[in-house]
Every structure is written in structure tokens, then in C-alpha cells.
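Visitor: structure for the following, please:
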Amino acid sequence: MFLMLTLVAVSSSAPGEAQAQSGLRIVTRDATRTLAIVSANNQDYVALDEVAAAFGLTLREDRLAGGITATAGSRSIIITPDQPVVSVGGRLVSLTTAPVRQGNRWLVPLDFLQRAAGPILDTRVELRRASRLVVVGDVRIPRVTARVEPSPSGTSVIFDITPATPQRVALESGRINVTFDADALDLALPGNAPHEFLQSVQAGDTPSSVRLVPGPKFGVHRTTTSQPDATSSRLTVELLPAGAEPPVAPPPAAPPTAAPADPLPNPLPATGVRTIVIDPGHGGDEHGARGANGTVEKDVTLSVARRLRTMIESRLGLRVFLTRDDDRTMSLDDRAAYANSQRADVFLSLHVNAALRPSLKGAEVYYLSADATAALTDVGDQPSIVLPSLGGGARSVDLVPWDAAQAKYVRQSSALAGSLEQSLRARVEMSPRGVQAAPFRVLVGAGMPAALVEMGYVSNPEQEKALASTTYHDQIAQALFDGLVQFRAQIERAPAPGPQR
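Guide: Take a look at the predicted model:
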């Protein structure tokens, strides 16, 4: 089953009033249904009762307590109005914005489907924001982006495919059909601008195909494939005049490369890195470091996190979640807990540094050493959050950190930090200290390889100017992307772990 979101024009309404749009399209292999998207307070929501009908949830509202429970089997989601956090099977999960009540209806943000409905149903739910697509379960829906490059000697249609997906190209009834080994396509096609060799690029007759309509000068076609990175593939279809050279047979596959002499131990699944959680440091009332010219840490971290998420989703096709996608306050333990709730394979926390000496500058990367983990075991009182209790009253929920969670990932976290430092050094100025182990609280409870990046010193006038620019944000995001690709390759080359001793 997969879900596809399509936003269309909105009707006008009075300020503050909920505004209905159509629609959120839910498509399964057997049927299709549409949910209305509702805009309220400049946020997009869907009605909880429609979500319940689509996903088979049972709703029970407690008007006395002001909450509502959505149940699937023996597991429940407890939702309260104006709280950007829900209890999913007894675990707190953050949402981008709080659910709201509009008259007799409850509205939940779009990421409720991914962050709450998915875990309660024990089903993978992936939100692809760029293409407004939600993928549920193990349906194969690669992202396919096509572009056209004309030349005097022919026209090339280039398909970038993420993740890498086999395909078949055939000339049938005067059309070139490209069929992908997938259930459907997350497809981005160029506008139709006719050329002498190509009239148009269209969606095919099946959900997993694309059709090229040749122009009057077309005679033969030639295809080549390449792999621009570890997970993406590229297909080039050349439309050439009659009499052009026939397709060239692909060279034989290269023998597999040997594994590294000292591979990393791999407690991750054999499939490697599939889910990444990015933590934009600070937020809400916690502004973080501030420069003399007003550059604020919480704004820089969110900007870079969003850029990095887009790169990973569009180029690698991985699941990417942000601990916050707006200006909200979150505790340090909540951030690691959220990464654990999403079953992340990598946790990356982004920050900006400051010092009393304005001469200090450069990016730094940290990981949590085993000694630091032990030192943080006794942390005293933990923060808590008060939630209404269904049936009346309220309850205080303690946030319990996983103080030993990093212990078995120390070596992988060190390798992650090393990969990030190496890629950052190639693009931005680094501190002389480079990679360090330190007792950062946000890393303690992360049950996966985790690192913290200080992207520069906002207390340094030169670096504050850089940290305030989107160009620098792009450079940092690209460097972090490169480091994650390098680390992912290390993980996927490592042999599966042996029995625990």
C-alpha cells in the first residue's frame, strides 16, 4: 500500500477559521480514497476521524479529560489538544505541531501518519515532503527525475533514480517504453518542449513506466547506465538519427572488491543505514549561542538540517526525520528518545559553538566515549511533562534516558565522527581539535551510531558572517551529506555481526 499527497487550490475563509483543501490521496493495491487536507493557523492537518477510517483505528474521546485515544488492537495513541506530543504505545512522540480541535472534529498534522500511526500499526510509514508522497510498508516507489538534453546530433533523456532500481527499455509501436522494477514511481517529468528527435516524455501505461514519444528525425536509440553514488542509478536514453552506431554492449561487471582489513563491527541490520534522524539543536525558548550581530544558533541549525534532509531524501532515497521542523523547545533526552522511536540507524545533532575568546573558530565533531557514558549514568532529577489523563485528572510522565545506550556503538560513533570530520575539512575551516570525545547529554540515550557537529564559532566575527549566510549552510549540508555517504559505505561493507559473547 502507498499514500500519495496532492495539494490543490484552496478556497478562502475567514481569518483563524479552518480552511479545507482536497486532498490527501490514499492509494493501496486494491483501492483508492481521498482525505481532505485542512489548513488552520498556517499549518496543514487531516481530520483524525478520516485517518481512523483509512487506517482501521478505533477512536474514543474523553470530553472530561479533553483527550482522545486512537486504538489499533492492543496498542493506543493518546492525543491531547495543544500538545505537540502524543503517547504512542506508552512512549512519547513529538509532532511538528499540536493537534487541534475544530468543533466536533480533531485535526492532526500530516506527520501524525508517519510518527504515530505507523508505529502503532507496526508499519513503516515514510513521508517524502518534496514530492508530497507518503509510502507505507515495503512498497517499492523509487524517486525518478527525468531531464532532457538536446544536441544537434540527437537528444538524451536522463533518468536519475533513487534508490537504484533495475529497468527495461524497449521500442514498442513507435514509442520508447522505460519500465522500472517497482510498484509505482515517485515521478518528476520535464515540461514537453518538442525537439526534432523527441516530442515528449510522458507517464506510461502502467504505474511503473515512462514513455518517450520520438520526433520526426528519430531513427535508433541507445541506452547507458551509471551509478553516481552508492544508492542512486542513472539511465541515459539517447535518441539518434537512422544509421547511428548500434547500442554498445555494457562492459563485464568488475569483480567485487575485498572487504577492509579491519571492518567495523556491525550491530546494525544487514540492510545497513536506512533511517537517519537529524537534530537541529536548541529551539523555542532555547536560543543557543548568539553572535554579536544577532546570528542565533537555533535558526542556523534548523536551516542546515532542512537542507541536509532534502539532499539525503532526493539523492539517497533514505528515510530522514528531524527532531524539530519548527521553532520548538525540546529536552535533550526527548531528542535521543525520538531517534530511538523512529528506529534510526544514525543520529546527528547540529550545533553552533561560542567562546569567550573571539579568535577561536572552526567546525568540530564530537562523539560520546565509553568513559563519558559511564560518567553520565548518575544525572539526578529528570525533566517531566504533564499530560491530561483520560478519565479525569492529570499525570506526570518522566522522561527516562537510556544512559548505557551508546556503549555498544562507541566504535561506530567514532567512525561516523571521523567520516564527518574528513568531509567537513574538505569544504569548511576546521578547528585544530577536529574530532573529540565529550560528555554531550543529547548523545547519551541514542541507541545507534551518533555524533554532534559544532558548525563554527558564532563568537568569531568572521565565522558569524559565514554562519548567517545560506551559502555556508549549503556547504555544511553538502559536507555532512558526503560524510554520511562515506560512513554508510563503511557500514554496508562490514560483515554481519557474529554471536554475542
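
Visitor: helices of the stretch 1-150 of the chain, residue ranges please.
Guide: Remark: helices assigned in the stretch 1-150 of the chain by DSSP state H, counting those that start in this stretch are 48-55, 112, 118-121.

Visitor: I'd like those helices as JSON lines, with mean neighbour count, distance to Phe180 and mean pLDDT appended.
Guide: (Each C-beta comes from the backbone N, C-alpha and C, glycine too.) Formatted as JSON lines, these follow (neighbours: other C-beta atoms under 10 Å; distance: least, C-beta to C-beta, whole Å; pLDDT from 0 to 100):
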{"stretch": "helix 48-55", "mean neighbour count": "18", "distance to Phe180": "27", "mean pLDDT": "91"}
{"stretch": "helix 112", "mean neighbour count": "25", "distance to Phe180": "31", "mean pLDDT": "92"}
{"stretch": "helix 118-121", "mean neighbour count": "20", "distance to Phe180": "25", "mean pLDDT": "86"}
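
Visitor: could you dump those to a markdown table with distance to Gln412?
Guide: As requested, these are arranged in a markdown table below (distance: least, C-beta to C-beta, whole Å):
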| stretch | distance to Gln412 |
| --- | --- |
| helix 48-55 | 35 |
| helix 112 | 32 |
| helix 118-121 | 24 |
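
Visitor: for Arg425, find the nearest of those helices.
Guide: Nearest to Arg425, of all the helices of the stretch 1-150 of the chain, is helix 118-121, at 37.5 Å by C-beta to C-beta.

Visitor: pull out the buried residues from stretch 343-350.
Guide: Judged by neighbour count (16 or more other C-beta atoms under 10 Å), stretch 343-350 contains these buried residues: Ala344, Asp345, Val346, Phe347, Leu348, Ser349, Leu350.

Visitor: tell me the mean pLDDT over that stretch?
Guide: Average pLDDT, stretch 343-350: 95.

Visitor: so what touches that stretch?
Guide: By C-beta atoms under 8 Å, 6 or more residues apart in numbering, the residues outside stretch 343-350 that reach it are 268-269, 272-281, 301, 304-305, 321, 335-336, 339, 416, 420, 440, 442-443, 446, 448-453, 455, 480, 484, 487, 491.

Visitor: among these, which lie within helices?
Guide: 301, 304-305, 335-336, 339, 416, 420, 442-443, 480, 484, 487, 491 (DSSP state H).

Visitor: before we move on, back to that, identify the farthest-apart pair in the buried residues of stretch 343-350.
Guide: Asp345 and Leu350 (17.6 Å).

Visitor: show me the shaky parts of the stretch 351-500 of the chain.
Guide: Residue ranges of the stretch 351-500 of the chain with pLDDT under 70: 370-405, 494-500.

Visitor: where do the strands of it begin and end?
Guide: 363-367, 384-388, 394-398, 430-437, 450-457 (DSSP state E, counting those that start in this stretch).

Visitor: which elements pack onto the last one?
Guide: Of the remaining helices and strands, those touching strand 450-457 by 3 or more C-beta pairs under 8 Å, 6 or more residues apart in numbering; DSSP states H and E are helix 297-316, strand 346-353, strand 363-367, helix 410-425, helix 441-444, helix 461-467, helix 470-493.

Visitor: and this protein, what are its domains?
Guide: With automatic domain parsing as the criterion, the domains of the chain are listed as 2-136, 143-240, 275-493.

Visitor: buried deepest among those, which one?
Guide: domain 275-493 (a mean of 20; mean count of other C-beta atoms under 10 Å).

Visitor: now do that one: distance to the chain's middle.
Guide: Averaging C-alpha positions (C-alpha atoms, centre = their mean, to the nearest Å) puts domain 275-493 15 Å from its chain's average.

Visitor: next, the contact list for the spatially closest residue to Thr71 that is not a sequence neighbour, please.
Guide: Excluding its sequence neighbours, the residue lying closest to Thr71 (C-beta to C-beta, 6 or more residues apart in numbering) is Thr58, at 4.6 Å. Neighbour list for Thr58: Ala52, Ala70, Thr71, Ala72 [criterion: C-beta under 8 Å, 6+ apart].

Visitor: so Pro150 bridges to which residues?
Guide: Going by DSSP bridges, Pro150 is paired in beta bridges with Thr155.

Visitor: same question, Ser349
Guide: Beta-bridge partners of Ser349, as defined by DSSP bridges: Asp279, Leu452.

Visitor: how about Glu488, nearest residue that isn't a chain neighbour?
Guide: Check again: residue 488 is Arg, not Glu. Nearest to Arg488 is Val273, by C-beta to C-beta, 6+ apart, at 4.4 Å.

Visitor: pLDDT wise, what is that neighbour at?
Guide: pLDDT at Val273 comes out at 89.

Visitor: ok, now which ones touch the nearest residue to Gly288 once chain neighbours are set aside?
Guide: Spatial nearest neighbour of Gly288, excluding adjacent residues (C-beta to C-beta, 6+ apart): Glu297 at 2.9 Å. Neighbouring residues of Glu297 by C-beta under 8 Å, 6+ apart: Gly281, His282, His287, Gly288, Ala289, Arg290, His351, Val352, Ala354, Val458.
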